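[1] Kindly return the folded structure for what I paste below:
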Amino acid sequence: MRSILSVGCRLNRFVLVLFLVSSVQIPAAVTDSDLEASIKGLQKKYSAVQDLQMEFFQNFKNPRRAMKTEAGILFLKRPGMMRWEYKTPTEKLFVSDGKMIYFYLPGERQVQKTKVRESSDQRIPFLFLLGKGNLKRDFSKVEWVSDREPVFPGNKMIYAYPKQGIDEFSKILMEFDPYHYQLQRVTVFEVDGATSEFVFSNIRENTGTKTSLFNFKIPANVEVLE
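    Prediction:
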């Protein structure tokens, strides 16, 4: 039980982050206009997307533990639906129909069930990709990243800092294609020094993903943790 709850909590904090991805105080610098244009470009793009499908690699780093890497496929659909199919190293499933969240670990025969409004899962921020967030509303500051290299050459990166009173994370990094404003990497820096990084590939937009994909039926003979 401790395993599924700790993983669920960590993932819940991340989904909260991109859900918040938004009152930006643009720093006074030569690149102010470029930064503001990028913020507007990201907002405009994802406000128009109806559904997304992509492959992802997720790296979790903690100063007190070895790095953990997972991979799978992510599906997103308006309004607020998501499905994370983890393939390696262990199969597991995270599904939300926009109201409830189900986190299923087949190997442990356990399902964690949570209401979206009560969740702090790390994956909640990805609702920004479906127009749920606003970069001009929820963050105290957004600035260019200058201390790290992009995963994909030629991409741009920004840091977004939370307003006071949000203690789940210290900042979030967003890497995107400057021509199409395609978000390809998101890194969440938690207050305890841990980081959760998601890198996306094979991104497909507006494929007509069916709503039924986000309906989860609890399997028989599993422990349900409310």
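[2] got a list of contacts for stretch 64-73?
    53-61, 84-90 (C-beta atoms under 8 Å, 6 or more residues apart in numbering). The C-beta positions use only the backbone N, C-alpha and C, and glycine is treated the same way.
[3] rerun that using 7 Å as the cut-off
    Outside stretch 64-73, the residues that touch it by C-beta atoms under 7 Å, 6 or more residues apart in numbering are 55-61, 84-89.
[4] among the residues you listed, who's most crowded?
    Among the contacts of stretch 64-73, residue 84 has the most neighbours (other C-beta atoms under 10 Å), with 23 neighbours.
[5] circling back to that earlier point, in strands, which of the contacts of stretch 64-73 fall?
    55-61, 84-88 (DSSP state E).
[6] tell me the two of those residues that are most distant?
    61 and 85 (22.7 Å; C-beta to C-beta).
[7] biggest separation within the contacts of stretch 64-73, which pair?
    61 and 85, at 22.7 Å, using C-beta to C-beta across these.
[8] So which bits of stretch 94-104 are buried?
    Going by neighbour count (16 or more other C-beta atoms under 10 Å), the buried part of stretch 94-104 is 94-98, 101-104.
[9] Which ones among the residues you listed lie within strands?
    Per DSSP E, the subset of these in strands is 94-96, 101-104.
[10] now, which of these sits nearest residue 41?
    residue 96 (27.0 Å).
[11] Can you tell me how far the closest residue to the closest one other than its chain neighbours is from residue 63?
    Spatial nearest neighbour of residue 96, chain neighbours left out: residue 82 (5.0 Å); criterion: C-beta to C-beta, 6 or more residues apart in numbering. Going from residue 82 to residue 63 by C-beta to C-beta, to the nearest Å gives 29 Å.
[12] When these two are compared, which one has more neighbours?
    residue 82 (25 against 8).
[13] Can you show me the helices along this protein?
    Here the chain has its helices, by DSSP state H, at 2-20, 32-48.
[14] least reliable of those helices going by mean pLDDT?
    Among these, helix 2-20 has the lowest mean pLDDT, at a mean of 47.
[15] show me where pLDDT drops low in the protein?
    For the chain, applying pLDDT under 70 flags the ranges 1-31, 118-136, 138, 164-168.
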